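1. coords please:
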Amino acid sequence: MKLNEKTIKEEYIYKGRIINLRKDEVELPNGKTASREVIEHPGGVCILPLTDKNEIVMERQYRRPYDDVLLEIPAGKRDGNGEEPIECGKRELREETGAVAEKYTNLGELYPSPGYSAEVIYMFLAEGLTFGSDDRDEDEFLNIELVPFEKALKMVLSGEIKDAKTQAAIMKTAILKKMIF
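-> Numbers count the residues shown, from 1 in each chain. Okay, here's the model as predicted:
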């Protein structure tokens, strides 16, 4: 069965600093038409920084859409000019935590909300950390916490860590490192 939809028309509803909102008219596989709302986003990167003591360098940060403070791994938006995911990850790790890693392992890509968003999040594991000073954006407020890996894994399983990219990176790292407890 054919599954792809054919774009008939694209109309921008909103163009912003971080996202664009587009309304598409599409032809469905059965020949009928439908409308789709799509959020365009330049994509992002998340980094799971793992210390030599098996602690994850995590951030507590307020997230406006949920009106809540979430525990997450460092992450950020790629520059709109085609910044390579690994370079974005290195930059965000240093800016937010002051850390630099000797080794980066690609953990793959994540589509956080494929029903309406075109965002792709690239995930990496960072090891061999050294710490210097951070360089956060002026509108970036967060608290850094070192969380033992086993505790973070239990927090994912209990639902205490709600952020999808953090959950996925922790679970993938647990499997990769054979750290399932």
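2. in the host helix or strand of Leu125, what counts as buried?
-> Assigned by DSSP states H and E, Leu125 belongs to strand 121-131. Residues of strand 121-131 classed as buried by neighbour count (16 or more other C-beta atoms under 10 Å): Ile121, Tyr122, Met123, Phe124, Leu125, Ala126, Glu127, Leu129. For glycine as for every other residue, the C-beta is placed from the backbone atoms N, C-alpha and C.
3. now those in TSV, with distance to Ile47 and pLDDT?
-> Listed next are these as TSV, based on distance: C-beta to C-beta, whole Å; pLDDT from 0 to 100:
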residue	distance to Ile47	pLDDT
Ile121	11	97
Tyr122	9	98
Met123	8	98
Phe124	5	98
Leu125	8	98
Ala126	5	98
Glu127	11	98
Leu129	10	97
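4. Looking at the residues you listed, which is nearest Asp163?
-> Among the buried residues of strand 121-131, Ile121 lies closest to Asp163 (C-beta to C-beta), at 10.6 Å.
5. Can you tell me which helices and strands the helix or strand where Glu25 lies packs against?
-> Under the criterion of DSSP H and E, Glu25 resides in strand 20-27. Under the contact criterion of 3 or more C-beta pairs under 8 Å, 6 or more residues apart in numbering; DSSP states H and E, strand 20-27 touches strand 6-15, strand 33-40.
6. which other residues reach that strand?
-> 5-14, 33-40 (C-beta atoms under 8 Å, 6 or more residues apart in numbering).
7. Please indicate which of those are buried?
-> Neighbour-count burial (16+ other C-beta under 10 Å) applied to the contacts of strand 20-27 gives Val38, Ile39, Glu40.
8. so the second one sits right up against Pro112, yeah?
-> No: with contact defined as C-beta atoms under 8 Å, Ile39 does not count as touching Pro112 (10.6 Å).
9. shared neighbours, those two?
-> Common neighbours of Ile39 and Pro112, using C-beta under 8 Å, 6+ apart, are Glu119.
10. of all the buried residues of strand 121-131, which comes closest to Asn54?
-> The closest of those to Asn54 turns out to be Glu127 (C-beta to C-beta; 10.4 Å).
11. could you measure the closest residue to that closest one other than its chain neighbours against Leu21, distance?
-> Spatially, and ignoring its direct neighbours in sequence, Glu127 is nearest to Lys103 (4.7 Å; C-beta to C-beta, 6 or more residues apart in numbering). Separation of Lys103 from Leu21 (C-beta to C-beta, to the nearest Å) stands at 39 Å.
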